[in-house]
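1. dropping a prediction and its sequence here:
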Amino acid sequence: MLARVAHRHVDVNGVEVFYRESLPDRADAPVLLLLHGFPSASHQFRRLIDALGTRYRLIAPDYPGFGHTRAPDGFTYSFDSLAEVVEGFVDRLGLTRFALYLFDFGAPVGFRLAVRRPDRIAGLVVQNANAYAEGLSGPARDFIAVTPDSPDGERTIMDLLTLDATRGQYEGGTADPALVAPEGWLLDQLFLDVPGRKQAQLALAYDYHRNVAAYPDWQAWLREHRPPTLVVWGVNDPFFTEAGARAYLRDVPDAALHLLDTGHFALEDRLPEIAPLITDFLDRTMA
């Protein structure tokens, strides 16, 4: 049976946040907040919501600058501001206890939220969401080092916002690209091509170095709170390496680690393996 899913907007301090929410039969169903990555949006979780949304309340917002969310003119695009909007979103929905699904950009957004609201975090599902210096590949380090003053820096970032690059992020590292539906990367590119969106992505790319600077704070939070943690990682990710997945065990030794022979968008071709892992994790963590 597939989940019933609602698609809504809610105002968060002037930002019209779009989100998807499964509607399980149980009013007290455990909540999993799904935080998407770059260059995607909540639609990357459609199949996961269908698969698990009858048992759990899965909620997936679009950040400002992504998907269907609409930010006002003059909105400042930084990871601090994205996290503030998600924090306001959590408050508007009255979410007091939930697990976090962190993927890619979901790490800097989600860890900021966790540091500010540790009492609300029941557990972490970490999927190619880096929080350790050793998890950055060489190309990732080079990209993060780009500044507005770098020669051809803007062109380096803009080259990542093309259709070929977006498709490559989905299919790269997979054992069989035929298992990756084209709708995901085509929809991502449609949103990237909305007027103003590339400038938002440019600002976030220049801001990314602040996330690396915050890694020690996130690691300290993990050591202090030791949240139940499930790490699921596509080891052929060109940005975030297997070392970044294993590094979580330093600070959360009891974390469950599963390494998969796939790339960055692991849900695209490995959902049949990942969904049962999340089910088992949520049942144990949020019983």
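-> Structure received. This structure is a prediction, so every number in the text was calculated from the model and none was measured.
2. which residues in the stretch 151-287 of the chain form helices?
-> 153-158, 163-171, 182-192, 197-207, 209-225, 242-251, 267-285 (DSSP state H, counting those that start in this stretch).
3. now the fifth one against helix 197-207, angle please.
-> Going back to what we said before, that points to helix 209-225. If you take axes from the mean of the first three to the mean of the last three C-alpha atoms, to 10 degrees, helix 209-225 sits at 60 degrees to helix 197-207.
4. and for the second one?
-> What separates the directions of helix 163-171 and helix 197-207 is an angle of 60 degrees, with the same axes, to 10 degrees.
5. mind listing what's buried in helix 163-171?
-> Ala165, Thr166, Arg167, Gly168, Gln169, Tyr170, Glu171 (16 or more other C-beta atoms under 10 Å). Every residue, glycine included, has its C-beta placed from N, CA and C.
6. looking at the helices of the stretch 151-287 of the chain, which is closest to Asp119?
-> Closest of these to Asp119 is helix 209-225, at 9.6 Å (criterion: C-beta to C-beta).
7. what helices or strands is the closest one leaning on?
-> helix 79-93, helix 106-116, helix 242-251 (3 or more C-beta pairs under 8 Å, 6 or more residues apart in numbering; DSSP states H and E).
8. for the longest one, C-alpha coordinates in CSV please.
-> When you say that, I think you mean helix 79-93. Taking C-alpha atoms only, helix 79-93 is exported to CSV below (Å, rounded to 0.1, in the frame of the first residue of the first chain):
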residue,chain,number,x,y,z
PHE,A,79,23.4,28.1,5.2
ASP,A,80,22.5,30.0,8.4
SER,A,81,19.4,31.5,6.7
LEU,A,82,18.4,28.1,5.3
ALA,A,83,18.6,26.6,8.8
GLU,A,84,16.7,29.4,10.3
VAL,A,85,13.9,28.9,7.9
VAL,A,86,13.8,25.1,8.6
GLU,A,87,13.8,25.8,12.3
GLY,A,88,10.9,28.2,11.8
PHE,A,89,9.2,25.5,9.7
VAL,A,90,9.6,23.0,12.5
ASP,A,91,8.0,25.4,14.9
ARG,A,92,5.1,26.2,12.6
LEU,A,93,4.3,22.5,12.3
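9. buried sites along that helix?
-> Using 16+ other C-beta under 10 Å as the test for burial, helix 79-93 gives Phe79, Ser81, Leu82, Ala83, Glu84, Val85, Val86, Glu87, Gly88, Phe89, Val90, Leu93.
10. check the shortest one too.
-> Burial within helix 242-251, assessed by neighbour count using 16+ other C-beta under 10 Å, is assigned to Glu242, Gly244, Ala245, Arg246, Ala247, Tyr248, Asp251.
11. now the last one. Nearest residue, chain neighbours left out?
-> What sits nearest to Asp251 in space, not counting adjacent residues and going by C-beta to C-beta, 6 or more residues apart in numbering, is Leu222, at 3.9 Å.
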